[in-house]
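>>> just coords:
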């Protein structure tokens, strides 16, 4: 604490990312990273971008990258905004489309950064309670509001909402922006991108961190009506004109081209997820249906907290949230088959001891 | 304009970076980029960082990079904050240390992003008028305020204030944070870093974009009392936990080590600046004394606007500000000797025709 902090800095509770302990090598199943390396073509493009031109500013409009996304999703370039990770894109969207005097709505159990943005920006918000099966009560998101945001699939539950239901939600909220945070959409869900030409209040946010194996590169993007995109650009250009560096832009551009690699690793993760769910169920876990690269599971005998701690002792990191309603669950990232075999083996051991 | 923009997005006037026309190859003397390539060691470190680990998040604490800055400046790691370009660091500092109800002070002619940050954050501000010789009236920055920010050397004038005078300013402002924006300090000025252990209200901001030839990498940092740094981290962690990617971190860390390269290119730029100033003066320019990698000059016969336009026609880009008091000036980045010879040659031609 410093007397020079303003009131906001004193009062905010910043987001806490998943732990990254350095004491030993862990099997990291705690931050939803992809277990497979990025595309070789992406890495080649990045290495080529490490050249004398680094002395020059990058393209502030990120036009090459934007064009590749446009091609991939059959959109126009002015319907695309890119940023330094989808967290930055989300923050800018909160800054651009939500207002102090109008309550925004999001699920009580969802990405924990939303509440941090709302607090930072003094936004009034209401947490809409998931039902007992962790479903999002979509009808409640149709009441008067100043904006709606939901992850699809939801995090940390992994549960997916079909896009026709979400379309109804966008349709019912003509006076506010509905943000669908699709960080995990590529692991079995269908994107809302197909409705972007139909609605001027729909903003879809995606990332290269998960399905494109590029968490280390910090690239995310938003897709929406050109006026929404212009709003995001106005915020960006009031904070930092050049949010993506030359090497990241080169890698990101190539990542949107190499779909063969992307489809291959995504399929593997989906297959491993299905096997893992079955193995967990055999061990006495209740595993929520997941369309993400993680599963959310609680055990019928041993507490989530204990399992988390004992797994850590055994060299396996998973994510545990010490939070009402989900404090008995573990969020487990889907790794390689070999990593998941070790997870199951360690869990068998731990369960036999408790 | 969209009905979904909030009032702030409607009213802000975003920053406009220097133009980057793609119609032909220009000699780019308009965005204060370094004309020399970055260190080969930096590029090697970056290429090595392009590997399978890109699938993993970067270190959110940026500890290796922070440690190198600490070594270079003889500071502790907790006195250092790093970000995605010094623009982002500046924005976070405005968010952390300035408050709505207290007027912040900065020169009327200085980095034009400050006013954008103030508007974005609803901060009350007062532009303190430079004197007729473009000196900053330091006494006026000692009156009651909620914060002070000045670039040293100033941009776009290039004028430098000695650090003892700035120390007095910090000393006189014990109730508010004084930010010294040292983007251009390495081209002949002395850094305020040496006073960081003495004052808990001094924040020094630097960048790798200029003297380290890494505008394309987007890396900046702040140096100050550990409580100020903690305030910046609280803001960062309420917006984006991972602002620097793995490759940028590797390059930035190496950049703080390779001081031989840095000193060599910096000396060349200073030498070229002195030669360029003399050549411009011979052509009838009034050139302000500069300790930056650019000069600010007006001609005694031909208008700044015309010179800017005719130089552009002749393949040389310089920066022109259509703004009261400086609308007869050109801000000219110091390039290589060869580039400056062409500039002078083109100016001779243009002056002979006007």
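Everything's here; your move. Keep in mind that what you see is a predicted model, and the values were worked out from it rather than measured. Numbers count the residues shown, from 1 in each chain, chains lettered A, B, ... in the order given.
>>> who are the neighbours in contact with the closest residue in space to residue A:283 that isn't next to it in sequence?
Excluding its sequence neighbours, the residue lying closest to residue A:283 (Cβ to Cβ, 6 or more residues apart in numbering or on different chains) is residue A:347, at 5.7 Å. Any C-beta I mention is one placed from the backbone N, CA and C, and that applies to glycine too. The contact partners of residue A:347, by Cβ atoms under 8 Å, 6 or more residues apart in numbering or on different chains, come to A:280, A:283, A:307, A:311.
>>> of those, closest to residue A:178?
residue A:280 (33.3 Å; Cβ to Cβ).
>>> Could you tell me whether the residue nearest to residue A:283 really is in a strand?
No: judged by DSSP: H, G, I helix; E, B strand; the rest coil, residue A:347 forms no part of a strand; its state is helix.
>>> quick one on the thing from earlier: top of the contacts of residue A:347 by number of neighbours, please.
Tallying neighbours with other Cβ atoms under 10 Å in any protein chain shown puts residue A:307 at the head of the contacts of residue A:347, with 25 neighbours.
>>> Show the contacting residues for that residue.
A:299, A:318, A:330, A:347, A:350.
>>> could you dump the residues you listed to a markdown table with distance to residue B:189, pLDDT and secondary structure?
Converted to a markdown table, those look like this (distance: Cβ to Cβ, whole Å; pLDDT from 0 to 100; DSSP: H, G, I helix; E, B strand; the rest coil):
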| residue | distance to residue B:189 | pLDDT | secondary structure |
| --- | --- | --- | --- |
| A:299 | 62 | 97 | strand |
| A:318 | 51 | 97 | strand |
| A:330 | 54 | 98 | strand |
| A:347 | 60 | 98 | helix |
| A:350 | 60 | 97 | helix |
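>>> which one of the residues you listed is nearest chain B?
residue A:318 (15.7 Å; Cβ to the nearest Cβ).
>>> Report the secondary structure element holding residue A:105.
According to DSSP states H and E, residue A:105 maps onto strand A:104-107.
>>> Average pLDDT for the helix or strand following that strand, rounded please.
Later in the chain than strand A:104-107, the nearest helix or strand by DSSP H and E is helix A:113-120. Averaged across helix A:113-120, pLDDT comes to 97.
>>> Now do helix A:113-120: which elements does it pack against?
helix A:86-97, strand A:104-107, strand A:125-128 (3 or more Cβ pairs under 8 Å, 6 or more residues apart in numbering or on different chains; DSSP states H and E).
>>> could you redo the last one with a cut-off of 7 Å?
helix A:86-97 (3 or more Cβ pairs under 7 Å, 6 or more residues apart in numbering or on different chains; DSSP states H and E).
>>> now the angle from the helix it packs on to helix B:113-120?
60 degrees (axes from the mean of the first three to the mean of the last three Cα atoms, to 10 degrees).
>>> So which elements touch helix A:86-97?
strand A:80-83, helix A:113-120, strand A:202-207, strand A:220-224, helix A:226-236.
>>> Where do the helices of chain A begin and end?
With DSSP state H as the criterion, chain A has helices at A:7-11, A:40-49, A:63-73, A:86-97, A:113-120, A:163-172, A:226-236, A:246-255, A:259-282, A:304-313, A:337-353.
>>> Give me the contacts around the second one.
To tie it back to what came earlier, the one meant is helix A:40-49. A:246, A:247, A:250, A:251, A:253, A:254, A:255, A:258, B:47, B:50, B:247 (Cβ atoms under 7 Å, 6 or more residues apart in numbering or on different chains).
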